[in-house]
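In: Quick one, fold the following:
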Amino acid sequence: MEEKSPEYPTSEDEFVSNAAEEILDSLLYESNLYVVGVGGCGCNTVEHITEKDVDSVKTVAINTDDRVLGDLDVDRQMLIGKDVTDGNGAKGDPSIGKRAAEQSEGQILKTIDGADMIVIVAGMGGGTGSGASEVIADLAKRNGKMVVTYAVMPFSMEKDRYDRAQNSLENISKLSNATTVFENDEALVHGDETLDEAFKMADRMLYRLVEKLKMDYIQEFFDEIGLDAMGLSETVSEPEHEDEIEEPPVLEALKYVGENKEKDEEPTLDNKLESFTP
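Out: Predicted structure coming up:
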């Protein structure tokens, strides 16, 4: 009898189980989510996602200051508006940041082309973070991408900067599918009353947001095929007749694989967010 190759499935059950595992893995690790840091604050916060090594998430740093970009550990870096700023930053002027992004629209679009969803991370009130973020959000939206903005607000004691930040937040919220705001003031109230703690809390909240967005992406897929992604339980109605076609074996195995993966995982992100007070 001819010997089977090592790749040949030993049984139908094993083949179905492996197929289910591949489907689930593709959902968990290929969600085409880009986290895009814009400006100094945004780029530094996004670097935390790279350090956490979040599966299937690409990190992008966009700035007008060439000196800041060189030290970042991210998947992609982009200097925008070189002819506008000479690579020396937007000097706290949102109008300069906006012009820099407009000059580099083609380059930006090429960089985010593979994304289905982008999370724009920016410190509001600064030149690049405020000005360029609006252009990037509008560009992504016009090209069919879902846009989520994670806006870090300055301390209220920085009155002029805070006023600019509120105006920028209002503008970018209109261009985003959803906006999450992190207030530095709140971090000081609930943290150790240090600037370092505020920045760390902003990093942690971004990480939780990215993880939740990944799960929402997966949930949307499961909703389409009649399953609950968190519990992997059926949501379709019961068959009216016993002789109706049975559930496809790969789908049945997919639920089994998902249930067993859930048993070994940490508490869900929703639970973590409920217990976290920024």
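
In: Report the contact partners of residue 150.
Out: 45, 119-122, 179-180, 182, 205-206, 209 (Cβ atoms under 8 Å, 6 or more residues apart in numbering). Bear in mind the C-beta positions are built from the backbone N, C-alpha and C, glycine included.

In: could I get those residues as a markdown table with pLDDT?
Out: Formatted as a markdown table, the contacts of residue 150 follow (pLDDT from 0 to 100):
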| residue | pLDDT |
| --- | --- |
| 45 | 91 |
| 119 | 95 |
| 120 | 97 |
| 121 | 96 |
| 122 | 96 |
| 179 | 92 |
| 180 | 91 |
| 182 | 91 |
| 205 | 88 |
| 206 | 90 |
| 209 | 88 |
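
In: Could you single out the nearest of these to residue 94?
Out: Checking the contacts of residue 150 against residue 94 by Cβ to Cβ gives residue 122 as the nearest, at 10.8 Å.

In: Hmm, that closest one is touching residue 129, no?
Out: Yes. Counting by Cβ atoms under 8 Å, residue 122 touches residue 129, with 3.8 Å between them.

In: which non-adjacent residue is nearest residue 50?
Out: residue 59 (4.7 Å; Cβ to Cβ, 6 or more residues apart in numbering).

In: What residues are bridge-paired with that neighbour?
Out: Beta bridges link residue 59 to residue 35, judged by DSSP bridges.

In: Tell me the spacing between it and residue 91.
Out: Per Cβ to Cβ, to the nearest Å, residue 59 is found 26 Å from residue 91.

In: between those two, who's got more neighbours?
Out: Under the neighbour definition other Cβ atoms under 10 Å, residue 59 and residue 91 were set side by side, and residue 59 has more, 26 against 13.

In: mind listing what the more buried one touches?
Out: 34-37, 46-47, 49-50, 74-76.

In: Also residue 177?
Out: Applying Cβ under 8 Å, 6+ apart, we find residue 177 in contact with 141, 146-148.

In: Can you tell me which of the residues you listed end up in strands?
Out: Residues of those located in strands (DSSP state E): 146-148.

In: ok, back up a step: with neighbour numbers in mind, choose between residue 122 and residue 129.
Out: residue 122 (35 against 32).

In: Angles on the backbone of the more buried one, please.
Out: Phi and psi for residue 122, reported as degrees, to the nearest 10, are phi -150, psi 150.

In: Name the residues linked to it by a beta bridge.
Out: Checking residue 122 by DSSP bridges, which sets the bridge assignment, gives partners residue 38, residue 151.

In: low pLDDT regions in this protein?
Out: 1-31, 188-195, 198, 217-278 (pLDDT under 70).

In: Let's see that with 90 instead.
Out: Where the chain drops to pLDDT under 90, the residues are 1-32, 48, 50-57, 67-71, 114, 116, 126, 155-160, 183-205, 207-278.

In: what about the strands in it?
Out: Under DSSP E, the chain gives strands at 33-38, 57-63, 76-79, 117-123, 146-153, 178-183.

In: OK, contacts around residue 184?
Out: Counting by Cβ under 8 Å, 6+ apart, residue 184 has contacts 152-155, 198, 202.

In: separation between it and residue 40?
Out: Taking Cβ to Cβ, one finds residue 184 at 14 Å from residue 40.

In: Narrow the contacts of residue 177 to just the buried residues.
Out: 146-148 (16 or more other Cβ atoms under 10 Å).

In: Turn these into JSON lines, columns for distance to residue 172.
Out: Output for those, formatted as JSON lines (distance: Cβ to Cβ, whole Å):
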{"residue": "146", "distance to residue 172": "14"}
{"residue": "147", "distance to residue 172": "9"}
{"residue": "148", "distance to residue 172": "11"}
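
In: Touching, residue 51 and residue 74? I think so.
Out: No. With contact defined as Cβ under 8 Å, residue 51 does not count as touching residue 74 (9.9 Å).

In: the more surrounded of these two?
Out: When residue 51 is set against residue 74 and neighbours are counted by other Cβ under 10 Å, the residue ahead is residue 74, at 21 against 12.

In: Surely that one and residue 57 touch.
Out: No. In terms of Cβ under 8 Å, residue 74 does not count as a neighbour of residue 57; the distance is 11.0 Å.
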